[in-house]
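In: coords below, sequence missing:
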């Protein structure tokens, strides 16, 4: 999860929440030149009071205000980063590891969802495909998936089924930065770096086909999370948004707008989207301004803060949950500022959420009265 513009110290979360080597640190080098980059951003609507006015005109957007309000009422969800990176100890693999390296020996997807439910979370979002390019379902579009791995479980099917059984709404994450299934694309990890990254039409056909599988084979998906949307380009991104919406009209679509307080919304980077991501960040003001004026039209765009329970997105041995006080403050700040909290709780290399994370979530539920 990367974003060009880095947040100010005042708007970031405590330093103990920061990773040592992640997509965020990878991008620091690129961010040094960010001031010279011309970003297309739009003026934020100052009148936050409009967000509670059901008579405000939101006819420009696909989803109704009631649908977006319902998503906001969920409030608290679990991000689940699990996949090839869990077994390589590297958040940004080069995509060259054999599929057999993915090898959980006690995989229990239902446990993940039970932990989310018991923590008071209303929805969960699972990484179907991350930077490594390895897929957690038996996709027909690449052999780099669970089909050829040590454990062949269709994790997406198990996840969606467990969510239905346990009353948690399922969501899926899909990364557009793919170091394995490139089809001639230039990824941010190539020598030319972030600013020259792009995807080819062949890759875009591949991504469309994979998202079509995910949105037609596993029942209703509450939220579809697309990471690194900038490399897709505005034209294909618009097509992809419309394609996903046509397959599941009720799905809330997130194009990750990244590490920022999101005082301004970068159209070139992430539009169109139903939500605004605040990766490892909090709104800069006492409330999050949800009404945005984009290309002459007004849109109601709720915010979603996403951050790991520890320092890393994927499980790393020794990466323990942050202090109870930090997690409680983060939850309270999100609630007070009117944004959802999507807290990442990664399973370990056995395929289980560690007991240390479960205990931290239980304490958070008690301390925050969730």
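Out: Thanks, I have the structure now. Model, not experiment: these values are computed from the prediction.
In: check which helix or strand covers residue 289.
Out: If you go by DSSP states H and E, residue 289 is not part of any helix or strand.
In: now for this structure, the helix or strand with the poorest mean pLDDT.
Out: strand 41-42 (a mean of 34; mean pLDDT, DSSP states H and E).
In: okay, and residue 244 sits in which element?
Out: helix 234-247.
In: pull out the buried residues from that helix.
Out: 234, 236-237, 240-241, 244-245 (16 or more other CB atoms under 10 Å). All C-beta spots, glycine's among them, are computed from the backbone N, C-alpha and C.
In: now what about that helix, what contacts it?
Out: Applying CB atoms under 8 Å, 6 or more residues apart in numbering, the contact partners of helix 234-247 are 62, 199, 204, 207-208, 211-212, 215-216, 224, 226, 229, 232, 251, 253, 255, 267-268, 271-273.
In: repeat the analysis, applying 6 Å as the threshold.
Out: 62, 204, 215, 224, 229, 253, 272 (CB atoms under 6 Å, 6 or more residues apart in numbering).
In: buried subset of the residues you listed as a ChimeraX selection?
Out: Buried residues among the contacts of helix 234-247 (16+ other CB under 10 Å), as a ChimeraX selection:
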select :204,215,224,229,253,272
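In: residue 174: which of the contacts of helix 234-247 is nearest?
Out: Nearest to residue 174, judged by CB to CB, of those is residue 224 at 7.3 Å.
In: so what's the backbone phi/psi at the closest one?
Out: phi -110, psi 120 (degrees, to the nearest 10).
In: for it, give its distance to residue 334.
Out: Note on residue 224: its distance to residue 334, by CB to CB, to the nearest Å, is 21 Å.
In: centre of the chain versus the helix or strand encompassing residue 205, how much separation?
Out: For residue 205, the host element (DSSP H and E) is helix 201-216. Distance of helix 201-216 from the chain centroid (CA atoms, centre = their mean, to the nearest Å) equals 18 Å.
In: ok, stretch 246-254 next?
Out: Worked out by CA atoms, centre = their mean, stretch 246-254 lies 15 Å from the chain centre.
In: and for stretch 91-100?
Out: With CA atoms, centre = their mean, you get 20 Å for stretch 91-100.
In: list the buried residues of that stretch.
Out: Under 16+ other CB under 10 Å, the buried positions of stretch 91-100 are 91-93, 95, 97, 99.
In: what's next to it, contact-wise?
Out: Against stretch 91-100 from outside (CB under 6 Å, 6+ apart): 22, 85, 88, 131-133, 144, 148-150, 179-180, 314.
In: span of it from start to end?
Out: 18 Å (CA to CA, to the nearest Å).
In: can you check stretch 88-97 too?
Out: 8 Å.
In: state the mean pLDDT of it.
Out: In this model, stretch 88-97 has a mean pLDDT of 97.
In: so residue 310 makes contact with residue 321?
Out: Yes: under the criterion of CB atoms under 6 Å, residue 310 makes contact with residue 321 at 5.4 Å.
In: much appreciated, bye for now.
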